[in-house]
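[1] Show me how the following folds:
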Amino acid sequence: MDRRRILIVEGNAELRTVLSDALREQGHDVVTTGDRCEAVERDDLEDFDLIISDLAEYADSGVQIVSELKRKRLFVPIVVSSEEAQQAGIVKAFKLGAANYLRKPYDHDELRSIVEKTLGYKLRFVEDLKVLPYVREHIEFELPSDISLMNGVLHYITERVAALGVIKPDASNLFIALDEAFVNAVKHGNRHDTQKLVRIIADLSTKEARFTIEDEGEGFNVGDIPDPLHNLIALQQARIKLGQAGARAVTVRGDRLAVTPIELDSVRAKRIRAEIPEALYESGKSQLSVRVPKDPAQRFPAIVRAADVLLSVTREAEAEAAAA
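    This next block holds a predicted model:
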């Protein structure tokens, strides 16, 4: 690995020294600070090849730096570091564009691996239409086996795929497919052991997107988990039914299925809630949303059932209107 310039933003002086010593031993030029405001205000941020920032409990810290770089359109990869308990901050950092995640306390081998992989590519968010056909993006995450981290990472990846024009988010099952693969890696591969990592690799261009999801488990019998093809077919059938009910956009974000536009009067909304008590209708947005489980074995049946209920209620209302 060539000598690179790295900025460390770490509020704990002892940990800051541990990180800087380890990176200097690897031959890098290291600049350190414990002041996040000072780091954000530096006028040479883009000169760094990598920034490692902690997530403090009392401030947005690392998230603040990710957000500031995004605002300035500076293309410097950021690795956020934190204890595993700080899940909300990690998810927010990934949504804003953090490149990787480093667990505390720091392990030298893990530090070397993450730094080398992150320095192996500088994420370039190229939107120039003249350049876009030639863009090749390589994105790689190493995450602990924690399903709560999944949502931010997968949204970030699908946004990058959409930016390259490979998919249209509202008409694609990509998020669902990646969601299921990640859950299977955590649940069946690593068996929820947070000391084991899940690796998500995406190689993207304007023509195709290739994904690899790996876990560190001992393996499992594929026959013991739901058939992903069956689930995707069921999801596509649900989309067709929702389209027949008048919806033009169907999205699944986190634990919510959202369907728009859907026009429901009070009678139809009441009928739907009688079948699905957790259903929420927002008339101002013409949107119906339903809570769905995170476990794919339960999620897909819940989506299919929501589609069946909505289509049934819609047809009942149409029949009643025709008979009136």
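[2] So, low pLDDT: which residues of the stretch 151-300 of the chain?
    169-171, 220-232, 296 (pLDDT under 70).
[3] show me where it has strands.
    Using DSSP state E, counting those that start in this stretch, the strands of the stretch 151-300 of the chain run over 197-204, 209-215, 249-253, 256-260, 280-282, 287-291.
[4] Now tabulate these in TSV and tack on mean neighbour count and distance to Asp146.
    In short, each C-beta sits where N, CA and C put it, glycine included. Listed next are the strands of the stretch 151-300 of the chain as TSV, based on neighbours: other Cβ atoms under 10 Å; distance: least, Cβ to Cβ, whole Å:
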stretch	mean neighbour count	distance to Asp146
strand 197-204	19	9
strand 209-215	16	13
strand 249-253	16	18
strand 256-260	19	20
strand 280-282	16	27
strand 287-291	20	21
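[5] Thr17 is nearest to which of those strands?
    Nearest to Thr17 among the strands of the stretch 151-300 of the chain is strand 197-204 (25.9 Å), distances taken as Cβ to Cβ.
[6] Check which residues of stretch 13-26 are buried.
    By 16 or more other Cβ atoms under 10 Å, the buried positions in stretch 13-26 come out as Leu15, Arg16, Val18, Leu19, Ser20, Ala22, Leu23, Gln26.
[7] Let me fix that, I meant to ask about stretch 39-58.
    Buried positions in stretch 39-58, judged by neighbour count with 16+ other Cβ under 10 Å: Ala39, Val40, Leu45, Phe48, Asp49, Leu50, Ile51, Ile52, Ser53, Asp54, Leu55, Ala56.
[8] For the first one, which non-adjacent residue is spatially closest?
    Read it as Ala39. Closest residue in space to Ala39, ignoring its immediate chain neighbours: Val9 at 4.6 Å, by Cβ to Cβ, 6 or more residues apart in numbering.
[9] now that neighbour, which residues is it bridged with?
    Thr33, Ser53 (DSSP bridges).
[10] Look up how far Phe141 lies from it.
    20 Å (Cβ to Cβ, to the nearest Å).
[11] mean confidence for stretch 306-313?
    The average pLDDT within stretch 306-313 is 87.
[12] re the thing from before, any chance of TSV for the buried residues of stretch 13-26, columns pLDDT?
    Output for these, formatted as TSV (pLDDT from 0 to 100):
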residue	pLDDT
Leu15	80
Arg16	83
Val18	83
Leu19	82
Ser20	86
Ala22	84
Leu23	85
Gln26	84
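[13] Tell me how many other residues crowd Leu311.
    Residues within reach of Leu311, counting by other Cβ atoms under 10 Å, total 19.
[14] I should have written Pro301 there, sorry.
    16.
[15] Which residue is the nearest non-sequential neighbour of it?
    Ala234 (7.9 Å).
[16] One more: Gly254?
    Asn151 (4.9 Å).
[17] what are the bridge partners for Gln287, then?
    Going by DSSP bridges, Gln287 forms beta bridges with Glu282.
[18] Do a quick rundown of the helices in the stretch 101-250 of the chain.
    Along the stretch 101-250 of the chain, counting by DSSP state H, counting those that start in this stretch, helices occupy 108-119, 150-163, 174-184, 228-244.
[19] Of the buried residues of stretch 13-26, which belong to helices?
    The helices, defined by DSSP state H, take in Leu15, Arg16, Val18, Leu19, Ser20, Ala22, Leu23 from these.
[20] who's in contact with the last one?
    The reference is to Leu23. Ile6, Ile8, Val30, Leu111, Val115 (Cβ atoms under 8 Å, 6 or more residues apart in numbering).
[21] can you put those in CSV and add distance to Val304?
    Below are the contacts of Leu23 laid out as CSV (distance: Cβ to Cβ, whole Å):
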residue, distance to Val304
Ile6, 49
Ile8, 49
Val30, 53
Leu111, 45
Val115, 44
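[22] I'd like those residues written out as a markdown table, with distance to Leu164, neighbour count and pLDDT added.
    Converted to a markdown table, those look like this (distance: Cβ to Cβ, whole Å; neighbours: other Cβ atoms under 10 Å; pLDDT from 0 to 100):
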| residue | distance to Leu164 | neighbour count | pLDDT |
| --- | --- | --- | --- |
| Ile6 | 29 | 23 | 87 |
| Ile8 | 32 | 25 | 86 |
| Val30 | 34 | 18 | 90 |
| Leu111 | 31 | 20 | 73 |
| Val115 | 26 | 24 | 74 |
